[in-house]
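In: sequence? don't have it. structure:
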C-alpha cells in the first residue's frame, strides 16, 4: 500500500503534515491529529481560518475536502475532487500478493 504526504496549509504557510493512504480513487485516510485536533474534536479549518488540506501525488498537489473523523480513534477521511490514481490497486485488500 502506497502512502502519501498530507499537508495542511494556512495563510501563514504550512501548518501540519503527515501520512495518508488512499482507500479509494477519491478518498484518503489519515490521522485526525494531522488535519485537526482530537481533544477539541474539530477539523483544522474550524479553528484556524482559511486552513486547506492537500495530498501530494505523482500528479502534483491535489486539494482535499474533509468528510468525517473519529476523534477517539484519531482517524479522518477526506475527499479528493480528482481521481488520485488508485484504480490499479486492490483497494481494501491487505492480503499478500
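Out: Happy to help now that I have it. Keep in mind the model is a prediction, meaning the values are calculated, not measured. Numbers count the residues shown, from 1 in each chain.
In: At which residues are the strands of the protein located?
Out: With DSSP state E as the criterion, the chain has strands at 3-10, 13-24, 27-30, 36-37, 42-43, 52-57, 60-70, 75-80.
In: any weak-confidence spans in this structure?
Out: When residues are selected by pLDDT under 70, those of the chain lie in 82-97.
In: again, 80 this time
Out: Along the chain, segments meeting pLDDT under 80 span 81-97.
In: Switch the strands of the chain over to a markdown table; also include mean neighbour count.
Out: Bear in mind the C-beta positions are built from the backbone N, C-alpha and C, glycine included. What follows is the strands of the chain, written out as a markdown table (neighbours: other C-beta atoms under 10 Å):
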| stretch | mean neighbour count |
| --- | --- |
| strand 3-10 | 18 |
| strand 13-24 | 15 |
| strand 27-30 | 21 |
| strand 36-37 | 21 |
| strand 42-43 | 17 |
| strand 52-57 | 19 |
| strand 60-70 | 15 |
| strand 75-80 | 20 |
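In: ok, and the closest non-adjacent residue to residue 41?
Out: Closest residue to residue 41 apart from its sequence neighbours, by C-beta to C-beta, 6 or more residues apart in numbering: residue 71 at 4.4 Å.
In: For that neighbour, give me its contacts.
Out: 32, 36, 38-39, 41 (C-beta atoms under 8 Å, 6 or more residues apart in numbering).
In: just residue 73 next, same as before
Out: residue 32 are the contacts of residue 73 under C-beta under 8 Å, 6+ apart.
In: Equivalent analysis for the one 4 residues further on, please.
Out: If you count contacts by C-beta under 8 Å, 6+ apart, residue 77 has them with 23, 27-29, 67-69.
In: Which member of these is positioned nearest residue 53?
Out: For the contacts of residue 77, the closest approach to residue 53 (C-beta to C-beta) belongs to residue 28, at 8.9 Å.
In: Confirm for me that the closest one is in contact with residue 22.
Out: Yes. Counting by C-beta atoms under 8 Å, residue 28 touches residue 22, with 5.5 Å between them.
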